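Colleague: Provided below are the primary sequence and the corresponding predicted coordinates.
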Amino acid sequence: MDNKIELIQTARTGKKKIMTIWTEKSLLKRSYGMEGGKLQYSEKEIEGKNLGKSNETTAKEQALVEMKALVLKKTKEGYQVKGEESADQKFTLKNLPSSFSPSKPINQPPAGVTFDGGYEDYYAERKYNGVNLWIVNDEEGTTSIYTRGAKNITHIIQEIPPIKEFIDKTDMPVKSFLSIEFIYSIAEKGIIKEVPKHLKGIINDRTTKEKAHARYDKLFIEGMFEIKCFDVLFWNGIDVTDKPYESRYKILFENVWDCGNYKPNGTFQNGGLNSSNIAYALKSGWEGFILRDKFSSKSTIEYTLNGKPYRRGAYKFKFEYEDDYVVTSVEYGRSGRLKGLPAKFELSKFDDKGELVVCTMAGPGNISTEQMEAFTEALQIDEKGDPGEVHIPLWTVVAVKFQSKQHESNALEFPVILDWRIDKPIAECLLSDIPKLHKKEA
């Protein structure tokens, strides 16, 4: 690869975005902006890797390696190498480009979408916590399976039993595209919990068919697999992404073997969201809901070839929980605004023997820079030498917001520190505590 690459991308407005990536000795440099406009510049000093080993790279060599990785990343986002642009930006369902990206549910609705009238005006599907896959039947009648990153993994998982069963039992015509959720669940204390991390060994595009099947067989002993069809993008050669949700659902209901609980006029969870079905979802261990507008075009979806679709059409309503943890150590930042300040907090609880058990790591969350400066000063930390992990007195308790907790490791999913709990004794932070529903969703 040359040490200078020029990239180009067509923006939504039709204007051209340009980017040049190059190296100068150990520097990785980049310029970017709109064609004909003012460009921005950035550069990064690159260090050599694996020094003293057989696979050692110098700083100059490593800069070229990282340049190649950056170019690859940008082409997946829809940039093309200048001079190699495709004259026709259209695509067929036979080979999805790596920058192909349908919109997905977002954590917050975009500007102009409000829930002022309550949630009754939104279809409420169950939010499954799995991994997103695409089932595509192209114009030649060949069925392929893609990851969300547009990696074709048909050869790896097409014979995995739940995948094969779904495809065999779904009446899917040529030129059609379904978005599905591949789900793995295990029982934890009488509640069925979805555990998406276990699926990585099956859907990894770098694994083999034999390894994927071995992983499936092992997991099948301990839990169960499901597939729920989340949406339809193309059907019988027609792009249906601009159709209202209820119209797209009708296609699923009439043709797809298992479209989950996505029935607009059926079971309660697909009517308006209310306190009754929220209570049922919490009792059943659901992660939350997906909301879709019943009465407007906002329930449509879209896809793009530049990797960044508008995020509209479906909004996540995830349950969040709150609990208190003891801060048992901190790791100080080495650069940026957190240099010399706490950047990571080790959070722990006491088990039934009175021993502290490390549960998870979390960033500063809602703790302000001023609070962290005061916190550091109160600890009287010796700042000589390199900043790193520093153990602190066990009197610091913080309130933490999170989405779920793993039963085996007690690790938290998306932990956010809310505030100090200087009023709470550390002895009351117990592993046996039942987290309360975070007040935002209560």
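Modeller: Yep, it's here. Residues are numbered from 1 along each chain as shown.
Colleague: only C-alpha atoms for contact and neighbour calcs from this point on.
Modeller: OK.
Colleague: List the single closest residue to residue 186 in space, sequence neighbours excluded.
Modeller: Of all residues not flanking residue 186 in the chain, residue 223 sits nearest, at 4.6 Å (C-alpha to C-alpha, 6 or more residues apart in numbering).
Colleague: got the contact list for the one you found?
Modeller: The contact partners of residue 223, by C-alpha atoms under 8 Å, 6 or more residues apart in numbering, come to 184, 185, 186, 187.
Colleague: Just the buried ones from those, in ChimeraX syntax?
Modeller: The ChimeraX command for the buried members of the contacts of residue 223 (criterion: 16 or more other C-alpha atoms under 10 Å) is given here:
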select :184,185,186
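Colleague: So the residue nearest to residue 186 versus residue 216, what's the distance?
Modeller: For residue 223, the distance to residue 216 (C-alpha to C-alpha, to the nearest Å) stands at 10 Å.
Colleague: circling back to that earlier point, please read off the pLDDT at the residue nearest to residue 186 from the model.
Modeller: Looking at residue 223, its pLDDT is 93.
Colleague: Now name the helix or strand holding residue 63.
Modeller: helix 59-76 (DSSP states H and E).
Colleague: same question but for residue 214, I mixed them up
Modeller: Remark: residue 214 resides in helix 209-222, with elements defined by DSSP H and E.
Colleague: Go through that helix and flag the buried ones.
Modeller: Applying a neighbour-count criterion of 16+ other C-alpha under 10 Å, one finds 209, 212, 213, 215, 216, 219 buried in helix 209-222.
Colleague: repeat for stretch 339-357
Modeller: Neighbour-count burial for stretch 339-357 flags 340-350, 356-357 (criterion: 16+ other C-alpha under 10 Å).
Colleague: Quick check: the farthest pair among those?
Modeller: 340 and 350 (29.0 Å; C-alpha to C-alpha).
Colleague: tell me the strands in the stretch 1-150 of the chain, going along the chain?
Modeller: Using DSSP state E, counting those that start in this stretch, the strands found in the stretch 1-150 of the chain span residues 4-10, 16-24, 27-34, 40-45, 80-81, 101-102, 122-126, 131-137, 143-147.
Colleague: Point out the most buried one among the ones you listed.
Modeller: Ranked by mean neighbour count, the strands of the stretch 1-150 of the chain are led by strand 122-126 with a mean of 26 (mean count of other C-alpha atoms under 10 Å).
Colleague: quick one on the thing from earlier: out of the buried residues of stretch 339-357, the closest to residue 121 would be?
Modeller: Taking the buried residues of stretch 339-357 together and measuring to residue 121 by C-alpha to C-alpha, the closest member is residue 347, at 39.9 Å.
Colleague: Can you give me the domain assignment for this protein?
Modeller: Listed by automatic domain parsing, the domain ranges of the chain are 4-81, 101-318, 321-437.
Colleague: what residues are up against residue 96?
Modeller: Residue 96 neighbours (C-alpha under 8 Å, 6+ apart): residue 150.
Colleague: follow-up on the earlier one: could you export the strands of the stretch 1-150 of the chain to TSV, including columns for mean pLDDT?
Modeller: Converted to TSV, the strands of the stretch 1-150 of the chain look like this (pLDDT from 0 to 100):
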stretch	mean pLDDT
strand 4-10	88
strand 16-24	92
strand 27-34	92
strand 40-45	92
strand 80-81	84
strand 101-102	88
strand 122-126	80
strand 131-137	95
strand 143-147	96
